[in-house]
Structures are given as C-alpha cells and as structure tokens.
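Asks: Task: produce atomic coordinates for the following.
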Amino acid sequence: MAQTSTSGLLRFWKNNRTLAIVVGGVIVLSIVFYILDPGQTAAVLASTVRHSTPLVLGALCGLLGERAGVVNIGIEGQMLFSAFIAFLANVATGNLFIAVLVGIAAGALMGLLHAFMSVTLKVDQIIGGTVINILATGLTGYFYTAGLVTQGKLQPIPLGPLADIPLIGPVLFNNPPITYTTIILVFVVHYVLYSTRWGLRTRAVGEHPRAADTVGINVYKMRYANVILGGAIAGLAGAFLTLEAVGSFERGMTNGRGFVALAVMIFGKWTPLGSWGAALLFGFASALQTQLQFIGNINIPHQFIGMLPYLLTIVVLAGFVGRARTPAADGVPYNKE
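Replies: Numbering: from 1, shown residues only. Now for the predicted structure:
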C-alpha cells in the first residue's frame with residue numbers, strides 16, 4: 001500500500017513538476033507573508049480557495065470528457081446555464097439544497113446535449129461546444145428578469161476546532177458546503193480515474209477506442225456517461241456562483257471562467273490533482289488582484305490589475321499547450337465498424 005502511494009506521488013511529481021514548483025513557491029511566500037501580516041495573508045488565501053472553486057470544477061468537467069475522448073469547450077455555457085437555473089430554483093422554492101440539485105441536473109442536461117452532438121451526431125466537438133456557449137448566453141439573457149428576490153445563499157460551516165488552527169483553519173476549514181464538496185470531488189475523481197475499473201475504461205476509450213471496443217468496452221456508453229457526469233460537475237460550478245459566491249444572477253456572470261478552466265485543465269496535465277493545484281494558482285492571481293484594488297497606495301490602473309488572471313491564462317496556454325500531451329483519441333469521433 002505504501003509502495004503504491006509512493007509511486008503515485010512520484011508519477012504526480014513527474015507529470016506536474018513545473019506546477020508543483022510554482023504552487024510550492026506560492027505556499028512558501030504565503031508562510032512568509034503570514035508571519036509579517038497574519039490577518040491579510042489569511043484573507044487572501046481564503047479568497048484564493050473561493051476563487052479556485054468554480055475553476056477546478058470546470059476543469060474536472062473538461063478532463064472527464066477529454067479523458068474519454070470528447071473535447072468540451074462548452075464549459076462556460078454549461079456553468080452559465082446551470083447558474084441561471086439554480087438561481088430560478090432558489091427563487092421558486094426558497095430551498096438552497098433543492099436549488100443546488102436543480103443546478104447540477106441542468107449541467108447534466110447540457111452535458112447530455114453535448115454528448116448527443118459529439119458522440120451520436122458526430123458534430124465537430126469544437127463547434128458543438130461553441131453552440132452550447134451561444135445557446136446558454138442567449139437563453140439566460142432572454143429569460144432573465146431583473147428584480148427577482150432570492151432566499152439567501154449558502155453560508156460557511158466551521159469544522160469545529162479545525163477552523164481555529166492558525167492560517168490553515170480559516171482557509172480550509174471554514175467554508176460553505178460547495179467549496180468542501182469541491183475539495184472532496186478532486187480526490188474522488190482522482191481515485192476513480194486511476195484506481196477503478198471505470199477509470200481504466202475511461203482512459204482506454206480516450207487513448208485507444210478501437211482496442212477498447214475489441215475487448216468489449218462500449219465506447220459510446222463510456223463517452224456519454226463521462227460527458228454527462230462532467231456536465232453535472234459544471235452544474236455544481238454554476239450553482240456555486242449563484243447560491244454560494246454571489247447569491248444572485250447577472251447576465252454573463254461566468255465572465256470567462258469556463259475558458260480559464262480549460263487552461264487550468266491543460267496546466268494540470270488532464271489530472272484532478274494537477275488541475276486543483278493549477279486552479280489554486282489562478283485563484284491566487286484573482287484573489288491578489290482583488291486585494292490590490294483595495295490598496296490605495298499602489299499607483300496602477302485598476303484595469304491592469306484586473307487583467308492578472310487572464311494574463312496568467314495566456315502565459316499558461318502559450319507555454320504549456322504545445323508541451324502537454326492530450327489523450328490520443330481526444331476530439332476524434334468513433335465509428336464502430
């Protein structure tokens with residue numbers, strides 16, 4: 001068992017060396033700044049976790065589909081549509097738990113649409129994802145009505161004495177439910193992908209669908225299941241935006257997070273743990289730019305400060321896309337002979 005854990009850590013280090021070094025550097029700097037200013041540092045790191053939540057959920061959505069061979073650039077639309085539906089469910093029922101479930105179901109529905117276009121109709125997957133983004137933008141913009149009153153939003157739940165631990169407590173153990181769920185999901189998806197028969201079949205379908213079909217794996221079923229499951233996770237990201245982060249809905253409120261999630265997935269080398277680390281890095285950039293906007297003695301236009309997360313996205317895509325290895329059958333429709 002110990003040997004398996006060690007080999008897993010070595011594999012993660014080999015595949016995500018650059019990411020691990022960058023995240024490790026951020027952790028060291030955070031400790032230094034915590035010694036100098038505990039309150040400010042804890043606030044920035046707690047904000048980092050909140051900002052990273054929709055990004056890692058979007059990345060999990062993307063990697064589940066791509067590990068099975070289906071490219072999904074419609075994460076932005078899936079998140080936006082789910083955020084809107086979850087918001088309406090909250091207005092209608094006044095029950096936040098039901099609203100979260102409705103948001104997840106809405107994301108799964110959009111995942112089903114993407115799977116139908118990509119797997120059954122064999123539409124170009126980039127075009128299919130673009131259709132979902134445009135459809136979500138149009139539907140939410142047309143049906144949104146200003147002035148709707150929600151029934152509040154999900155509140156942080158301190159985990160007893162753990163929440164009182166210096167630095168770590170406020171950052172990891174004093175969060176709302178969807179944030180906790182996201183952290184758990186990272187490890188669950190990692191375990192499923194690399195330690196279960198389902199994960200082995202998913203990766204086989206994404207790498208060599210013909211060989212997988214030969215040994216009796218239903219390629220179509222695996223791709224459908226993974227894209228729908230990924231859509232459900234994107235739905236949870238949408239529910240996070242309206243039910244936990246903001247408590248309301250605005251047109252276009254995803255604000256490019258779905259596309260940033262794609263960069264997170266690529267930087268994380270299509271792995272759940274790598275994507276989480278990358279999401280924390282992007283979340284840190286977002287938290288830092290938010291904090292800098294409240295510091296009055298920095299003579300930098302706020303527009304440039306607001307560009308930080310997106311500049312990081314460009315750097316990551318320019319520097320890592322060419323060197324990152326995608327699943328061999330990613331984006332390739334499968335034709336059963």
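Asks: Where does the prediction get shaky in the stretch 1-150 of the chain?
Replies: Across the stretch 1-150 of the chain, residues meeting the criterion (pLDDT under 70) sit at 1-38.
Asks: ok, which stretches of it are helices?
Replies: 2-15, 17-36, 38-67, 75-93, 96-115, 125-143 (DSSP state H, counting those that start in this stretch).
Asks: deepest of those, which one?
Replies: Compared across the helices of the stretch 1-150 of the chain, helix 75-93 shows the largest average neighbour count, a mean of 27 (mean count of other C-beta atoms under 10 Å). Every residue, glycine included, has its C-beta placed from N, CA and C.
Asks: So for stretch 164-183, mean pLDDT?
Replies: Predicted confidence along stretch 164-183 averages 91 (mean pLDDT).
Asks: and that stretch, which residues are buried?
Replies: Along stretch 164-183, these residues count as buried under the neighbour rule (16 or more other C-beta atoms under 10 Å): 167, 169-183.
Asks: Which one of these is nearest to residue 242?
Replies: Relative to residue 242, the closest of these is residue 178; by C-beta to C-beta it sits at 10.8 Å.
Asks: Return the distance of the closest one relative to residue 69.
Replies: Residue 178 sits 29 Å away from residue 69 when distances are taken as C-beta to C-beta, to the nearest Å.
Asks: so residue 254 is in which element?
Replies: Residue 254 is located outside every helix and strand, with elements delineated by DSSP states H and E.
Asks: Model confidence for it, exactly?
Replies: We note a pLDDT of 94 for residue 254 in this prediction.
Asks: do residue 337 as well
Replies: Model confidence at residue 337, expressed as pLDDT, equals 69.
Asks: which stretches of the stretch 101-250 of the chain form strands?
Replies: Assigned by DSSP state E, counting those that start in this stretch, the strands in the stretch 101-250 of the chain fall at 157-158, 174-175.
Asks: list the helices and strands the last one packs on?
Replies: Packed against strand 174-175 by the contact rule (3 or more C-beta pairs under 8 Å, 6 or more residues apart in numbering; DSSP states H and E) you find helix 38-67, strand 157-158.
Asks: any chance of those in JSON lines, plus distance to residue 130?
Replies: As requested, the helices and strands packed on strand 174-175 are exported to JSON lines (distance: least, C-beta to C-beta, whole Å):
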{"stretch": "helix 38-67", "distance to residue 130": "15"}
{"stretch": "strand 157-158", "distance to residue 130": "38"}
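Asks: That'll do, ta.
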